[in-house]
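Engineer: Any chance you can model this:
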Amino acid sequence: MKSFTIGLSQFAASDNAGVNLDTAESQIRTAAAAGAEVICLQELVSTLYFCRREDPANFAFAETVPGSTTDRFASVAKELGVVLVLPLFEKRATGLYHNTAAIIDADGSYLGKYRKMHIPEDPGFHEKFYFTPGDLGYRIWDTAFGKIGVLICWDQWYPEAARLTAMQGANVIFYPTAIGWLPEEKPSLGAAQHTAWQTVQRGHAVANGCYVAAANRIGTEGETEFWGQSFIANPYGEIIAEASEGEKQILTARIDLEKLEEFRQIWPFFRDRRIDSYEQMEERWIDSK
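Structural biologist: Numbers count the residues shown, from 1 in each chain. Predicted coordinates:
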């Protein structure tokens, strides 16, 4: 297949998981009707972003992956003939939880899951209280339409994660996301924070010669104002589709694999990597001698 269409969903979550999953299914159906073949939903799609505070009661939102939600969306994927990236709060065992995305192929088969590797701990983003860092590594899936990689939110800031995913052959890296502004920061830092978020991911697209697609949520939850603006960038880092800051939306764009190949031929970054000189990348910090 020389091209395929990807779709991103952004919407404001409610405090009712059933309503959120109904909204997600409606968004998938809208995206499919618009021609999307590989559709990515926002991070923790079934819930509010409960990590705004530490509360043991929130562990009740976790579920097994695969489980009843993946079964439901596998049926949707099969009916519509689409690939789904379905981000969920995974209960692996009693007291052991992950921020996870399930990948479902266009025939409804469950291909596997990615567990978020980088877990933040910041004001309004207390994820270390809830999530164990992923232990499945960086992965890709050869879907009915093309090879895709999946990373999650805080993973966006780490070029190593994008590189290791792209090195396995990902044509597009999806980033299901929940990122927004805190009221005390938005006036002075809001524009800069958004610019940094978008720029670093566009850089991953360029450095790895692949497409990047980030699906963010919208709405205000507690003090956090999620900034939406889901986007898709091509291998030149150009934004080829971008959603609004605050509207429920479906975003689509066509992924041209021949252009991806041309980009990598003209800018052969993988050819010129000095893998013999990167030993210190495994160090936490390089101390002065």
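Engineer: Quick one: neighbours of the residue nearest to G169 when sequence neighbours are not counted, just the number.
Structural biologist: Spatial nearest neighbour of G169, excluding adjacent residues (CB to CB, 6 or more residues apart in numbering): K147 at 4.9 Å. For the C-beta atoms, the positions are set from N, CA and C on the backbone; glycine is no exception. Close neighbours of K147, defined as other CB atoms under 10 Å, add up to 15.
Engineer: pLDDT wise, what is K147 at?
Structural biologist: Per-residue pLDDT puts K147 at 97.
Engineer: for K289, same thing?
Structural biologist: 68.
Engineer: what do you get for I6?
Structural biologist: On pLDDT, I6 comes in at 98.
Engineer: Would you confirm that it contacts G35?
Structural biologist: No. With contacts counted by CB atoms under 8 Å, I6 stays clear of G35, the gap being 10.0 Å.
Engineer: can you give me the helices for the stretch 151-289 of the chain?
Structural biologist: Along the stretch 151-289 of the chain, the segments classed as helices by DSSP state H, counting those that start in this stretch run 159-166, 186-208, 257-266.
Engineer: Worst mean pLDDT among those helices?
Structural biologist: In terms of average pLDDT, helix 257-266 trails the rest of the helices of the stretch 151-289 of the chain, at a mean of 94.
Engineer: Would you mark the buried spots in it?
Structural biologist: 257, 260, 263-264 (16 or more other CB atoms under 10 Å).
Engineer: Can you tell me how far the residue nearest to G169 is from V38?
Structural biologist: 10 Å (CB to CB, to the nearest Å).
Engineer: Ok, F231 next?
Structural biologist: The gap separating F231 from V38 is 16 Å, by CB to CB.
Engineer: T30 too?
Structural biologist: 15 Å.
Engineer: Of those two, which one has the most company?
Structural biologist: When T30 and V38 are compared for neighbours, V38 comes out ahead with 28 against 17, by other CB under 10 Å.
Engineer: Quick check: the nearest residue to the more buried one once chain neighbours are set aside vs Y236, distance?
Structural biologist: Leaving aside its chain neighbours, V38 sits nearest to V83 (4.3 Å; criterion: CB to CB, 6+ apart). Distance, V83 to Y236, by CB to CB: 25 Å.
Engineer: Look at these two and report which has more neighbours.
Structural biologist: The residue with more neighbours, out of V83 and Y236, is V83; 26 against 13, by other CB under 10 Å.
Engineer: what sits against that one?
Structural biologist: Contact partners of V83, counting by CB atoms under 8 Å, 6 or more residues apart in numbering, are 37-39, 77, 103-106, 143-145, 148.
Engineer: one more time with 10 Å
Structural biologist: 4, 6-7, 36-40, 77, 103-107, 111, 141, 143-146, 148 (CB atoms under 10 Å, 6 or more residues apart in numbering).
Engineer: Weed out the non-buried ones from these.
Structural biologist: 4, 6-7, 36-40, 77, 103-106, 141, 143-146, 148.
Engineer: and for K147 and V38, which residues touch both?
Structural biologist: 141, 171-172.
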